[in-house]
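# Make a model of this:
(2 chains)
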Amino acid sequence: MRVLFFAQIRQALGTTAVELTTGDVDVAQFWQILNAMYPLLAQYQARVRLARNGEFVGNDARFTNADEIALIPPVSGG
Amino acid sequence: MDTLVALSLQPLENHPSLHEPASEHSGAVVDFKGIVRRDEAGSPIEALEYEAYQPMAETMMQRIATELGAQHPCDHVLILHRIGIVPVGEAAIIIRATAKHRAEAFALVSGFMDRLKQDVPIWKVRGVPINPNLASAPK
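Coordinates of the predicted model:
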């Protein structure tokens, strides 16, 4: 899967995206993998929403290697 | 309802859609511009930098406009959001709602801004500080 980072998360991690091969995972497993790679993410997790292929998803979502997952911190357009 | 949504790196005021004549059937045109202010979080700035998750932002803006259009029927809605560096005094967003009567157009514009600030993946990522060298440069 491709994981996308934006705004303050992109700035904190110093990267816009990462490619992961996880197989079929739920949201908790997804965060576990990501937090192990990027410990800095823990401070953002509570305020981040996840989008799969451009659609917001809830905590019951599951992800596969074919998905594009975006970490969406609080938005501030306009 | 006819809806046009676009993200742009260029000044929004130059967008050709803003210069098209309104329909003869519409009696109200409501324009909203969100302008970059000089002060951001208590400090003077030259500009704001915006970034977007572009495909999702465009999809969400289209969807929100469609949902609001079902509640507040308008004839045409134009939504332009700028990304990249936006200098002070220039528009970060322009919304134009055209309807038979003003109430629907005002309601759609106001409702859209509320939803934008909740659900559309666009971010102000930094204020560009005033360059002290330029500010004190001899004229």
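# What is the burial count for B:Arg37?
Neighbour count of B:Arg37, defined by other CB atoms under 10 Å in any protein chain shown: 12. Where C-beta positions appear, they are placed from N, C-alpha and C, glycine not excepted.
# Now do the phi/psi pair for the residue nearest to it when sequence neighbours are not counted.
Computed as CB to CB, 6 or more residues apart in numbering or on different chains, the closest residue to B:Arg37 that is not its neighbour in sequence is B:Val88, at 6.8 Å. Backbone torsions of B:Val88, given as degrees, to the nearest 10, read phi -50, psi 140.
# For stretch A:5-13, which outside residues touch it?
For stretch A:5-13, the external contacting residues (CB atoms under 8 Å, 6 or more residues apart in numbering or on different chains) are A:15-18, A:38, A:40-41, A:44, A:48, A:70-73, A:76, B:51, B:53, B:121, B:123, B:125.
# and those, which are buried?
Buried members of these, scored by 16 or more other CB atoms under 10 Å in any protein chain shown, are A:38, A:41, A:44, A:48, A:70-73, B:51, B:53, B:121, B:123, B:125.
# Now flag whichever of these is closest to B:Pro44.
In terms of CB to CB, no member of the buried ones among the contacts of stretch A:5-13 lies closer to B:Pro44 than B:Val125, at 18.0 Å.
# Can you check my assumption that that closest one lies in a helix?
No. Secondary structure of B:Val125 (DSSP: H, G, I helix; E, B strand; the rest coil): strand, not part of a helix.
# shouldn't it be in contact with B:Glu51?
Yes. In terms of CB atoms under 8 Å, B:Val125 counts as a neighbour of B:Glu51; the distance is 5.2 Å.
# Just the closest residue of chain B to chain A, please.
B:Ile122 (3.1 Å; CB to the nearest CB).
# What average pLDDT does stretch B:37-56 get?
For stretch B:37-56, mean pLDDT rounds to 95.
# leaving aside the residues next to it on the chain, what's closest to residue 55?
If you meant another chain, say so; for now it's chain A. Per CB to CB, 6+ apart, closest to A:Glu55 is B:Met56, 7.7 Å.
# ah, no, chain B please
Nearest one to B:Pro55, counting by CB to CB, 6+ apart, is A:Gly54 at 5.6 Å.
# Could you give the number of residues near the nearest residue to B:Ala6 once chain neighbours are set aside?
Using CB to CB, 6+ apart and skipping residues adjacent in sequence, the residue nearest B:Ala6 is B:Leu80, 5.4 Å away. Neighbour count for B:Leu80, taken as other CB under 10 Å: 24.
# returning to what we had before: which ones among the contacts of stretch A:5-13 are found in strands?
A:Ala17, A:Val18, A:Ala70, A:Leu71, A:Ile72, B:Glu51, B:Trp123, B:Val125 (DSSP state E).
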